[in-house]
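Undergrad: below are the sequence and a predicted model for it; my questions follow.
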Amino acid sequence: MELIEQALEFEKRKLSLKSTNDRIIASKKVKALILGINEVYKKTKNPELMDMMKRLTVIKKKIEKRLKLRITV
C-alpha cells in the first residue's frame, strides 16, 4: 500500500522540472512506480490500479517528451 500512496503523492505534486537531471530522476521514479503497481495489479486485477497506472503513464510520457526535445547532439 506504500507504493500506492507514493503514486498518489507523485500525481498530486506539481512537477516543476527545471533541469534535465530532474526530468531523468522523475522519469525513473514514475517508471518504478508503474512497474511496482503492475506487479500488484497482476495479483489483484483491481481496475483502480489500472486507472492509476494509466494516469502515471500520461505523466511519464509528458516528462519523456520534454526530455527528448532537450537531448539533441
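TA: Yep, that arrived. Computed from a prediction, not measured in an experiment: that's the story for all the values here. Residues are numbered from 1 along each chain as shown.

Undergrad: can we go C-alpha only for contacts and neighbour counts from here?
TA: Noted.

Undergrad: what score does the residue nearest the centre of the chain have for pLDDT?
TA: For the chain, the residue nearest the mean C-alpha position is residue 30 (2.6 Å; Cα atoms, centre = their mean). Residue 30 carries a pLDDT score of 91 in this model.

Undergrad: tell me the contacts of it?
TA: By Cα atoms under 8 Å, 6 or more residues apart in numbering, residue 30 lies in contact with 7, 10, 56-57, 60.

Undergrad: burial count for residue 1?
TA: By the measure other Cα atoms under 10 Å, the count of residues near residue 1 is 8.

Undergrad: ok, residue 41 next?
TA: 16.

Undergrad: in what helix or strand does the closest residue in space to it that isn't next to it in sequence lie?
TA: Nearest residue to residue 41, sequence neighbours excluded (Cα to Cα, 6 or more residues apart in numbering): residue 49, at 6.2 Å. Element membership for residue 49, per DSSP states H and E: helix 47-70.

Undergrad: quick one: residues in contact with that helix.
TA: By Cα under 8 Å, 6+ apart, the list of residues contacting helix 47-70 reads 7, 11, 20, 23-24, 26-27, 30-31, 34, 37-38, 41.

Undergrad: one more time with 10 Å
TA: 4, 7-8, 10-11, 15, 17, 19-24, 26-31, 33-38, 40-42 (Cα atoms under 10 Å, 6 or more residues apart in numbering).

Undergrad: so how far is stretch 53-66 from its chain's centroid?
TA: 6 Å (Cα atoms, centre = their mean, to the nearest Å).

Undergrad: ah, wrong one, I meant stretch 14-25
TA: Using Cα atoms, centre = their mean, the offset of stretch 14-25 from its chain centre is 12 Å.

Undergrad: would you mind writing the CA trace of it as PDB?
TA: Extracted C-alpha coordinates of stretch 14-25, given in PDB (Å, rounded to 0.1, in the frame of the first residue of the first chain):
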ATOM      1  CA  LYS A  14       3.300  19.900  -9.100                       C
ATOM      2  CA  LEU A  15       6.100  19.000 -11.500                       C
ATOM      3  CA  SER A  16       8.500  21.900 -11.900                       C
ATOM      4  CA  LEU A  17      11.200  20.000 -13.700                       C
ATOM      5  CA  LYS A  18      13.700  22.800 -14.400                       C
ATOM      6  CA  SER A  19      16.800  20.800 -15.200                       C
ATOM      7  CA  THR A  20      17.400  17.700 -17.300                       C
ATOM      8  CA  ASN A  21      18.600  15.800 -14.300                       C
ATOM      9  CA  ASP A  22      15.300  16.500 -12.500                       C
ATOM     10  CA  ARG A  23      13.400  15.100 -15.500                       C
ATOM     11  CA  ILE A  24      15.500  12.000 -15.700                       C
ATOM     12  CA  ILE A  25      15.100  11.300 -12.000                       C
END
